[in-house]
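Engineer: have a look at this prediction, sequence included:
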Amino acid sequence: MYGIPDDGASGNSRYLPIAEHGLIGDLRSVALVGTNGTIDWYCCSAFDAPSVFASILDAERGGSFELAASVPGRTKQFYFPDTNVLITRFFTEDGVGEVQDFMPISGESLEAERHRLIRRVLCVRGSIPFRARVAPRFDYGTQPHTLRMVGDVAVFESPDLSLGLTSTVPLDAAGLDARADFKLAEGESAVFALDQVGDDVAPRCCPSQEAERHFSATVAYWRRWLAASKYRGRWREMVHRSALTLKLLTYAPTGAIVAAPTTSLPEQLGGERNWDYRYVWVRDAAFCVYALLRLGFTGEADAFMKFVTRHITPGDSKPSGPLQIMYGIDGRTDLPERELDHLEGHEGAAPVRVGNAAAEQLQLDIYGALIDSVYLYDKWAQPISSTQWDHVCGLVDWVCENWHQPDEGIWETRGGRKSFLYSRLMCWVAIERAIRMANRRGLPADIVRWRGVRDTIYRRIMTHGWSERRQAFVQHEDDEVLDAALLMMPLSKFIAPTDPKWLSTLDALTGDLVSDSLVYRYDPQASPDGLRGDEGTFSICSFWYVEALVRAGRVEEARLAFEKMLTYANHLGLYAEEISHTGRQQGNFPQAFTHLALISAAFNLDKALG
């Protein structure tokens, strides 16, 4: 079902490939766990908090939590069925052992239990020696820390954060790190627990019985959550793994959904396309709501709508419009971008960035994505409130005034604003969906004006967005460059999926941007985006392509493309943002955008296959 694990062939043996990781979390933060048993990305105790472990971005300075068999052997990794509890197995000459990694979770209340990370080690056959090394490097490796042993507890203290490490096996200080060497016989186990501590919160031990209780409660939580899924189609395992991944990317205290839980994992080694994705992109989160509603998870949609109502409302207009394209997980709007020059980057791929300057861009497509999600929520979950409708009207009125502006577009180019067709398309969506809501619910709206602008946008796209020479719709007005974002034209119901103009466009996209079912966003040589280097194929576009083929009636072709895409997943069914020409995963990992598109493609392909 899933793609084979990356063989580890890397330009730098100090780094595991991006795909060689699994994800655990507690709806507040996450950790990436490598197939070698090392946690090499972890921010405590929120997605966008400064890192504690970041060896995925700098093997020397980033910090890590190593836990593995201390003798040679093979490893395999899988999720405890229907959960986000990750198990890494070690196969050695003397026996078989495993590490169970999870963050305890039993509910989503704001008064949730203390944030902690638990690693439970078991020997299931024979006997195995293990070693552990816990080496935190606070604030992306910039803050010094001290280590003091308090009985059996190792306390790491930095100016802004302190962590307590407890273990059921003896810990030793090794400079500023804590170490443990121990051997387990068949049936024996050891537990490591990492907790945030402070003046009024002392470290507490996590004996085996307590770890077992946390494990059982966490497994029960994830299974109870997944049981609400309504998907019963052919690709249930992949769809449910994608749903569980999207859930891991939600921030329970506010209902925010992050685009990805990492920063600066490179889209191309040696390039500069390294970005911080630990924020709420209006577009990504709105599409996530669509995917989760499709599966029957209305609670997540409700939480995100509350986030929208609280934080994403028509406020004072900025150069980027009444909305930003992204927000912090707490709703903040100030996300200054800076480079961390002291970190070398994954496999030496600098720069490492935190914050994101694209927050100041104008991207008109977000209005369509957001209002479409509100429309679907109103239709499939529950009717929106009068206040929410007022906000929708304010946004639509702004779109009616500003849809014709050039912008930076969905791909956040840094080469100057252009009249992107996709931005026009989604402005049309914003107005069209609002008209549908008003008509269905009898809500007050300036329907005559809205219809006039909607129709004007339609005619503008059909005349200035169409290239007679290419016989295709194009990336921006009066040009001939193609763009995979155009795959959304039939998906958004702007054009019939069998319209001759669309079928001709689909053929042109297939010829220019598709490689073995994988789809490039655009050709940066033909359409300069202001950045150096090339990039891989963009996985969300590959799933859009599947869905466009389905709707065009090319179902067998779509099914083959979908099955091929599944082979590019990692060993756990996870996807980064992009895939290189050699099949390696690139960019931030895992990416919400890709997993939501997988869900939508599977849903529609199932429907077409009957």
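Structural biologist: That came through fine. Residues are numbered from 1 along each chain as shown.
Engineer: enumerate every residue touching the residue nearest to Ile384 when sequence neighbours are not counted.
Structural biologist: Excluding the flanking residues, the one nearest Ile384 by Cβ to Cβ, 6 or more residues apart in numbering is Asp378, at 4.8 Å. For the C-beta atoms, the positions are set from N, CA and C on the backbone; glycine is no exception. Taking Cβ atoms under 8 Å, 6 or more residues apart in numbering, we find Asp378 in contact with 384, 437, 441.
Engineer: run a quick neighbour tally on the second one.
Structural biologist: Residues within reach of Met437, counting by other Cβ atoms under 10 Å, total 20.
Engineer: partners of the longest strand along the chain, with directions?
Structural biologist: For the chain, the longest strand by residue count, based on DSSP state E, is strand 116-135. Paired strands of strand 116-135, with direction, are strand 64-69 (antiparallel), strand 95-102 (antiparallel), strand 177-185 (antiparallel), strand 189-197 (antiparallel) (DSSP bridges).
Engineer: turn those into TSV, including mean pLDDT, mean neighbour count and distance to Arg137.
Structural biologist: Converted to TSV, the strands paired with strand 116-135 look like this (pLDDT from 0 to 100; neighbours: other Cβ atoms under 10 Å; distance: least, Cβ to Cβ, whole Å):
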stretch	mean pLDDT	mean neighbour count	distance to Arg137
strand 64-69	98	24	8
strand 95-102	98	23	20
strand 177-185	97	18	10
strand 189-197	95	23	14
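Engineer: nearest to Lys564, out of those?
Structural biologist: Nearest to Lys564 among the strands paired with strand 116-135 is strand 95-102 (30.7 Å), distances taken as Cβ to Cβ.
Engineer: residues touching that closest one, excluding its own?
Structural biologist: Strand 95-102 is contacted by residues 22, 24, 31, 33, 37, 39, 67-69, 80, 84-90, 117-128, 130, 184, 186, 214-215, 218 when judged by Cβ under 8 Å, 6+ apart.
Engineer: check which helix or strand the residue nearest to Ile384 maps to.
Structural biologist: With secondary structure defined by DSSP states H and E, Asp378 is part of helix 365-380.
Engineer: quick one: distance of that helix to the chain centre.
Structural biologist: Here the centre of helix 365-380 is set off from its chain's centre by 20 Å, with Cα atoms, centre = their mean, to the nearest Å.
Engineer: could I get it in PDB with only the CA atoms?
Structural biologist: The C-alpha atoms that make up helix 365-380 are tabulated as PDB, following Å, rounded to 0.1, in the frame of the first residue of the first chain:
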ATOM      1  CA  ASP A 365      -7.500  33.300  -3.900                       C
ATOM      2  CA  ILE A 366      -7.800  32.900  -0.100                       C
ATOM      3  CA  TYR A 367     -11.200  34.600  -0.200                       C
ATOM      4  CA  GLY A 368     -12.700  31.900  -2.400                       C
ATOM      5  CA  ALA A 369     -11.100  29.100  -0.300                       C
ATOM      6  CA  LEU A 370     -12.400  30.600   3.000                       C
ATOM      7  CA  ILE A 371     -15.900  31.400   1.800                       C
ATOM      8  CA  ASP A 372     -16.200  28.000   0.100                       C
ATOM      9  CA  SER A 373     -15.400  26.300   3.400                       C
ATOM     10  CA  VAL A 374     -18.000  28.500   5.200                       C
ATOM     11  CA  TYR A 375     -20.500  27.500   2.500                       C
ATOM     12  CA  LEU A 376     -19.800  23.800   3.000                       C
ATOM     13  CA  TYR A 377     -19.900  24.100   6.800                       C
ATOM     14  CA  ASP A 378     -23.200  25.900   6.500                       C
ATOM     15  CA  LYS A 379     -24.500  23.100   4.200                       C
ATOM     16  CA  TRP A 380     -23.100  20.000   5.800                       C
END
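Engineer: name the residues of it that are buried.
Structural biologist: By 16 or more other Cβ atoms under 10 Å, the buried positions in helix 365-380 come out as 365-378.
Engineer: surely Gly573 is in a strand?
Structural biologist: No - assessed by DSSP: H, G, I helix; E, B strand; the rest coil, Gly573 does not belong to a strand; its assignment is coil.
Engineer: how about the helices in the stretch 401-550 of the chain?
Structural biologist: Under the criterion DSSP state H, counting those that start in this stretch, the stretch 401-550 of the chain contains helices at 421-441, 447-464, 488-491, 500-513, 539-551.
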